[in-house]
Every structure is written in C-alpha cells, then in structure tokens.
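J.: need coordinates for the below:
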Amino acid sequence: MSVNPYPADALILAPLSGYTDLAFRRQCRRQGCRYAFTPLVDVGSVVYRNPRSDRNLLRGDDEPWLGLQILGACPETVGECVRRLRDYPFDLVDLNMGCPMPKITRRGAGAALSDTPKLALRCLEAMVAAAPWPVTVKIRILDESDPAPTVALAQSLQRGGARALTVHGRIREKVYAGPVKFDVIAAVREALNIPVIANGGVVDRAAAAALRAHTGCGRLMIARGAIGNPWIFRELLDPRAPPPSHREVCTAMREQVADMVSLYGEDAGLRNARKIVLAYLVGRGYRRSRRHRVATLATWSQFDAFYREVLDEGPVDRSGSFAPPDPPDRSDQSDQSDQSDPPASAPLWHSLRRR
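T.: Okay, the predicted model is just below:
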C-alpha cells in the first residue's frame with residue numbers, strides 16, 4: 001500500500017453528490033483526469049440496502065483509479081459500510097467532513113462532524129480498521145482568521161490514521177461563496193506529515209495556479225469547476241490547450257446524456273440530465289430560449305432533437321448575431337445523423353462485486 005495515495009501534482013475530481021457518476025467521470029477521463037471519486041455515498045444506503053446506491057458504486061472498465069467517499073456520523077455504521085464494500089474495486093475511501101448542506105449537518109454529519117472531534121476520530125478509526133484501502137478525510141477550515149482550530153483537527157485525524165487530508169478553504173457558513181482562505185490551508189500543510197490536498201474555487205488555470213502558489217499544495221481537488229466543463233483537466237494539464245469548440249461541447253453533452261440513459265434508464269436518466277445539459281450551455285453564449293427548453297426534456301427523442309438544433313445553430317455572440325458553427329466534420333456524423341435511440345456503447349461498468 002503506497003504511503004502517498006496521490007502523486008505530488010495530482011489533479012483530483014471531487015466527489016459531488018448528483019454529479020460525479022460514471023457518465024460524468026467518463027467525460028473527465030477523456031480530458032486527462034486520472035484521479036476521481038464516486039458521488040458521495042451515505043453509509044445508511046449501503047448498510048440498509050438502498051438499491052439506488054448501487055449506481056453510485058459502479059466503476060467503469062476503463063477507469064484507472066477510483067475513490068469512494070462516504071458520509072456518516074455513527075462509528076459502528078461507518079465501519080459496517082466499509083466492511084460491506086471490501087470486495088468493491090476502489091483504490092481509496094474518504095470520510096466526508098466537509099459537506100455544508102443543512103440536511104446533512106442537522107444529522108451531525110458532513111461539516112458538522114468537525115464539531116465533535118472525538119466522534120469524528122472514532123469514525124475514522126472504524127474505517128481504518130475495516131478498509132483494505134488507504135483511508136483519507138476531507139474537511140473544511142473552521143476559522144477564517146485563526147488556523148489553530150483547523151490545524152488541531154487535522155493533526156488529530158493524522159494521528160487517527162488518515163493517509164491524506166483534503167482541505168476546503170471556506171468555513172461551513174460560507175458554503176461555496178467568498179474567497180478561499182489560502183493561509184489556513186497552508187498552515188495545515190505545514191503542520192502535517194501526510195499529503196494535504198487544497199480545494200476551493202478551482203475554475204480555471206489562473207485559479208489553480210493561485211491555489212498552488214499561496215498554499216504550497218501541489219495536489220488540487222476540483223469540484224464545481226468541472227461541472228459542464230470536463231475540459232478543465234485538459235486546461236490544467238496543458239497550458240497550450242485551447243478552450244472547447246462548439247462541436248466539442250455538443251458532442252460531450254450528447255455522450256454524457258446517452259451514458260446517463262444507459263445507466264439509469266430513459267426516464268430517470270433524462271430527468272437527472274437536465275442540470276447537466278444546462279451546465280454545458282450556460283455561460284457559453286447559447287440562446288436563452290434554448291436553455292429554457294431543457295426543463296421540458298423527458299425522452300431521448302426530445303433530447304436528440306434539442307441537441308441537433310443546438311449543434312446546427314451554435315452559440316450567439318454578445319451583439320446578438322450568430323457565431324458560425326464549427327465546420328462540418330463528416331467523419332463523426334454517420335453515427336449521429338439519423339439516430340433516434342441512444343447510441344449503443346461498450347459495457348459501462350464492472351460487475352459490482354468484482355475486483
């Protein structure tokens with residue numbers, strides 16, 4: 001088992017509930033993402049057998065590395081969850097102590113677990129005792145001006161067996177708003193002997209460079225900056241990489257929605273995909289009226305018609321005139337010109353119980 005779960009310059013796709021499923025990860029992989037997590041998994045959904053959790057546990061046959069993040073605040077249930085998943089093909093398991101959502105913190109889980117450090121340590125120790133993989137933790141800073149409380153928590157987790165620590169540089173009350181407190185993350189990095197991964201506000205190359213420069217952390221976790229923008233990995237890995245073209249945006253959107261239909265079925269797949277479609281289109285100059293139609297997409301045929309309209313029309317510039325679509329690429333139109341059904345693809349995932 002490696003001492004360091006990640007190389008020194010790792011770019012890691014964060015576990016995002018409702019987003020980082022296999023369909024989303026597949027798009028990020030194509031742009032150079034190696035380290036990625038499942039969506040956040042509630043320990044109760046595993047221990048008490050909620051069938052919906054199974055889709056969150058799937059690993060693609062072509063995925064080089066996959067971490068699991070779990071959410072819970074009961075050491076016994078946390079440990080039992082990990083024991084039940086021992087045969088699954090994960091590379092690492094992470095304890096969520098960073099989710100700021102009230103529906104989570106009201107249960108004492110997520111970011112609220114930092115309020116009970118002894119309980120958090122017991123949860124971590126239960127994971128370490130049960131897991132065949134390295135165990136890590138993701139936390140938030142506890143104070144914006146004083147690093148000491150966050151450092152004390154981080155040191156406790158290191159003593160408890162955490163092999164790496166991800167630090168989101170905002171307090172719970174700020175959720176995802178406001179500046180990231182670089183100095184607190186830097187203080188945690190300086191105080192620990194295990195790898196510290198910096199998280200918060202990575203939306204482009206400049207933000208990533210600032211986070212690395214001011215925290216001293218080479219390892220970064222990318223979260224909301226990747227939603228609708230898997231090209232952020234390409235951008236960070238290759239300074240010369242161009243932004244995605246109109247055709248690339250449309251192709252990635254269609255591929256991800258098709259994979260979601262394959263994963264969840266047409267009804268649930270299209271319902272879950274509406275926010276994904278919007279994420280690809282918002283902020284890229286596409287006609288507002290097209291974006292408003294996304295909420296009505298309920299079948300593959302409706303989505304496919306919508307996709308063709310967006311592909312043919314292209315984005316509009318700020319003056320209201322139309323930017324010309326990318327030149328036709330005849331090499332990939334044979335598969336998409338007459339399809340009314342989702343495209344067939346190779347099997348998306350491993351058997352749930354195979355390592």
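J.: in a strand, that's where residue 68 is, yeah?
T.: Yes. Assigned with DSSP: H, G, I helix; E, B strand; the rest coil, residue 68 falls within a strand.
J.: burial of the closest residue in space to residue 214 that isn't next to it in sequence, as a residue count?
T.: Leaving out its chain neighbours, the residue that sits closest to residue 214 by CB to CB, 6 or more residues apart in numbering is residue 182, at 3.6 Å. C-beta: built from backbone N, CA, C; applies to glycine. Neighbour count for residue 182, taken as other CB atoms under 10 Å: 20.
J.: what sits against residue 182?
T.: Contacts for residue 182 were tallied using CB atoms under 8 Å, 6 or more residues apart in numbering; they are 169, 210, 211, 214, 215.
J.: now, of those residues, which are buried?
T.: Among those, those buried by neighbour count (16 or more other CB atoms under 10 Å) are 169, 211, 214, 215.
J.: chain center to the helix or strand containing residue 306: distance?
T.: Secondary-structure assignment from DSSP states H and E places residue 306 in helix 300-313. Its chain's average C-alpha position is 26 Å from that of helix 300-313, according to CA atoms, centre = their mean, to the nearest Å.
J.: for this protein, which segments count as helices?
T.: Ranges of helices within the chain are 22-30, 43-47, 53-56, 75-84, 102-105, 117-130, 148-159, 182-191, 205-215, 231-237, 246-264, 266-281, 288-292, 300-313, based on DSSP state H.
J.: which of those has the lowest mean pLDDT?
T.: Among the helices of the chain, helix 53-56 carries the lowest mean pLDDT, a mean of 80.
J.: what is it packed up against?
T.: In terms of contacts (3 or more CB pairs under 8 Å, 6 or more residues apart in numbering; DSSP states H and E), helix 53-56 is packed against strand 41-42.
J.: repeat that for 7 Å
T.: Using 3 or more CB pairs under 7 Å, 6 or more residues apart in numbering; DSSP states H and E as the contact test, no helix or strand touches helix 53-56.
J.: which of the buried ones among the contacts of residue 182 sit farthest apart?
T.: Greatest spacing in those, by CB to CB: 169 and 214 (9.6 Å).
J.: tell me how many other residues surround the closest residue to residue 62 other than its chain neighbours.
T.: Nearest residue to residue 62 in three dimensions, chain neighbours excluded: residue 29, at 7.2 Å (CB to CB, 6+ apart). For residue 29, the neighbour count with other CB under 10 Å is 20.
J.: which residues touch stretch 49-67?
T.: Under the contact criterion CB atoms under 7 Å, 6 or more residues apart in numbering, stretch 49-67 has outside partners 21-22, 25-26, 29, 34-39, 41, 45-46, 88-92, 94, 263-264, 347-350, 352.
J.: next one: stretch 79-91 to chain centre, how far?
T.: The mean C-alpha position of stretch 79-91 is separated from the chain mean by 20 Å, CA atoms, centre = their mean.
J.: ok, now stretch 122-135?
T.: 22 Å.
J.: and what of stretch 115-124?
T.: With CA atoms, centre = their mean as the basis, stretch 115-124 stands 25 Å off its chain's centre.
J.: in that stretch, what's buried?
T.: 117, 120, 121, 122, 123, 124.
J.: next, the buried residues of stretch 265-273.
T.: Buried, per 16+ other CB under 10 Å, within stretch 265-273: 266, 269, 270, 272, 273.
J.: which residues touch the second one?
T.: The reference is to residue 269. With CB under 7 Å, 6+ apart, residue 269 has these contacts: 260, 261, 263.
J.: got the contact list for the last one?
T.: In this case it means residue 263. Residues counted as contacts of residue 263 (CB under 7 Å, 6+ apart) are 21, 22, 23, 55, 269, 348.
J.: ok, now how distant is it from residue 74?
T.: From residue 263 over to residue 74 the distance is 30 Å, taken as CB to CB, to the nearest Å.
J.: of the contacts of residue 182, just say which sits nearest to residue 16.
T.: Proximity of the contacts of residue 182 to residue 16 (CB to CB) peaks at residue 169, which lies at 17.2 Å.
J.: how about the closest residue to the closest one other than its chain neighbours, what does it touch?
T.: Residue nearest to residue 169 in three dimensions, not counting chain neighbours: residue 180, with 3.6 Å by CB to CB, 6+ apart. Contacts for residue 180 were tallied using CB under 7 Å, 6+ apart; they are 169, 170, 200, 201, 211.
J.: nothing else from me, thank you.
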